[in-house]
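Participant: structure for this input, please:
(one chain, ligands or ions: 1)
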Amino acid sequence: MSDTDTRDPTSLRTPIVAVLGHVDHGKTSLLDKIRGSAVIEGEAGAITQHIGATAVPLDIISTIAGDLVDPDDFDLPGLLFIDTPGHHSFTTLRSRGGALADIAILVVDVNDGFQPQTLEALDILRRSETPFIVAANKIDTVPGWNANEDSPINDTYEAQSDRVRERLDENLYEIIGNLSDEGFSADLYWRVQNFQRNVGVVPVSAMTGEGVPDLLTVMMGLSQRYMKEEMEIDVAGPGVGTVLEVKEEKGFGTTVDTVLYDGTIRSDDQLVVGGQNEPIVTDVRALLQPRPLAEIRTESRFEKVDEVSAASGIKVAAPELADAMAGAPVRVVRDRDLDEVIAEVQAELADIAVDTAEEG
Ligand code: GDP
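Facilitator: Numbering: from 1, shown residues only. Sure, this is the predicted structure:
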């Protein structure tokens with residue numbers, strides 16, 4: 001996504017996806033499964049490992065999804081999954097006062113049903129007005145389940161006995177009922193006509209990969225249909241992002257892992273980064289991406305790049321970052337007035353402070 005930029009000045013960026021849900025319901029496993037499927041399906045290099053995020057390009061999604069996806073129906077470039085699941089990371093990650101994630105997956109264990117953190121996650125999604133779908137996970141643990149690795153849900157559903165199907169249906173309808181009690185009109189995803197009004201429930205197994213083709217298809221469809229306008233960005237414009245994590249890296253000092261959601265960052269850019277006390281003004285020393293696994297031997301885990309465009313995850317090395325905070329804004333100054341950019345970052349920091357105080 002870096003290299004020379006031959007795209008239109010305005011371009012559609014990748015929607016940013018977050019995964020939420022109760023502990024042990026399978027958030028990490030689901031992310032691992034999606035990453036794993038993408039690596040298997042992808043030609044070498046087609047899937048890009050970012051810092052703190054995984055980009056799954058449209059062509060990989062359409063290979064995984066098979067008949068479910070016709071790539072000609074889409075012009076969004078794919079999906080960018082934030083690698084850190086959970087609602088703590090979701091609430092600290094904002095963009096311009098809203099949620100950093102454009103779209104979310106709420107993972108619910110299909111046997112365990114709604115649990116306290118499921119309700120908390122729903123509350124967060126409701127308040128941040130983030131569109132989401134529900135992954136009813138662990139369908140392979142329904143007693144008597146006959147697993148069909150990586151198959152779309154319809155195929156594996158037909159391969160189950162009547163009793164197994166009934167049991168799964170009962171559990172799924174319980175989840176749909178719980179969603180309705182919380183004020184969300186929901187249904188099995190293939191019955192949903194309008195994903196803006198109704199929450200789609202997708203039965204999946206993060207273990208066997210069943211339903212994962214459907215999950216990716218629904219996420220892609222939902223983004224394409226309802227979020228396209230929000231994804232239009234000025235690719236070459238000054239980058240805007242959010243700090244995921246502040247980390248010491250040997251040889252680079254303090255770095256900020258950043259999700260860029262607008263524009264580009266270049267290796268010679270000046271930045272304003274939100275700090276504990278005040279905005280930090282600094283110059284990029286290096287932009288770092290994970291080196292492909294095959295190339296890691298004694299060399300650094302990272303490789304330097306000259307430029308990255310949204311949406312992507314990038315590690316930024318720069319002086320003076322010790323006071324940077326997770327969740328804080330990152331803005332490229334480039335040819336704008338420095339004081340103006342500082343004021344923007346200050347305003348965003350004030351927003352974060354108010355929200356944090358409200359959450360107690
Ligand atoms: P998290 O806390 O939500 O991130 O949950 P994890 O991904 O760590 O999963 C918790 C446990 O459930 C682990 O032991 C997983 O192996 C298991 N698990 C997750 N998804 C599935 C699934 O679809 N099927 C089965 N059988 N086990 C699962």
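Participant: who touches the residue in the stretch 51-200 of the chain that the ligand sits nearest to in this structure?
Facilitator: Nearest to the ligand, among the residues of the stretch 51-200 of the chain, is Lys138, at 4.0 Å (C-beta to the nearest ligand atom). C-beta coordinates here come from the backbone N, C-alpha and C atoms, glycine included. Lys138 sits next to His25, Gly26, Asp109, Val110, Asn111, Ser205, Ala206, Met207 when contact means C-beta atoms under 8 Å, 6 or more residues apart in numbering.
Participant: now neighbour count and distance to the ligand too, for the residues you listed, in a markdown table please.
Facilitator: Conversion of the contacts of Lys138 to a markdown table gives the following (neighbours: other C-beta atoms under 10 Å; distance: C-beta to the nearest ligand atom, whole Å):
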| residue | neighbour count | distance to the ligand |
| --- | --- | --- |
| His25 | 28 | 5 |
| Gly26 | 24 | 3 |
| Asp109 | 21 | 8 |
| Val110 | 26 | 9 |
| Asn111 | 17 | 10 |
| Ser205 | 30 | 4 |
| Ala206 | 26 | 4 |
| Met207 | 17 | 3 |
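Participant: quickly name whichever of those is closest to Leu58.
Facilitator: Ala206 (22.0 Å; C-beta to C-beta).
Participant: and the closest one, helix, strand or coil?
Facilitator: Under DSSP: H, G, I helix; E, B strand; the rest coil, Ala206 falls in the coil class.
Participant: the residue lying closest to it once chain neighbours are set aside: what secondary structure?
Facilitator: Among residues not flanking Ala206 along the chain, Ser29 sits closest, at 3.7 Å (C-beta to C-beta, 6 or more residues apart in numbering). The three-state assignment at Ser29 reads helix, by three-state DSSP.
Participant: what's the burial count for Ser29?
Facilitator: Counted with other C-beta atoms under 10 Å, residues neighbouring Ser29 total 18.
Participant: for stretch 79-98, list every residue counted as buried.
Facilitator: 79-87, 89-95 (16 or more other C-beta atoms under 10 Å).
Participant: same for the ligand: which of the residues you listed are within range?
Facilitator: Contacts with the ligand within the buried residues of stretch 79-98, as defined by C-beta under 6 Å from any ligand atom: Pro85.
Participant: and which of the buried residues of stretch 79-98 is nearest Ile51?
Facilitator: Among the buried residues of stretch 79-98, Asp83 lies closest to Ile51 (C-beta to C-beta), at 8.9 Å.
Participant: would you check that the closest one makes contact with Ala55?
Facilitator: No - Asp83 is beyond contact range of Ala55, at 10.9 Å (criterion: C-beta atoms under 8 Å).
Participant: what sits up against stretch 107-121?
Facilitator: Contacts for stretch 107-121 (C-beta under 8 Å, 6+ apart): 19-27, 30, 85, 87, 90, 106, 134-139, 141-142, 168, 171-172, 174-175, 178, 182, 203.
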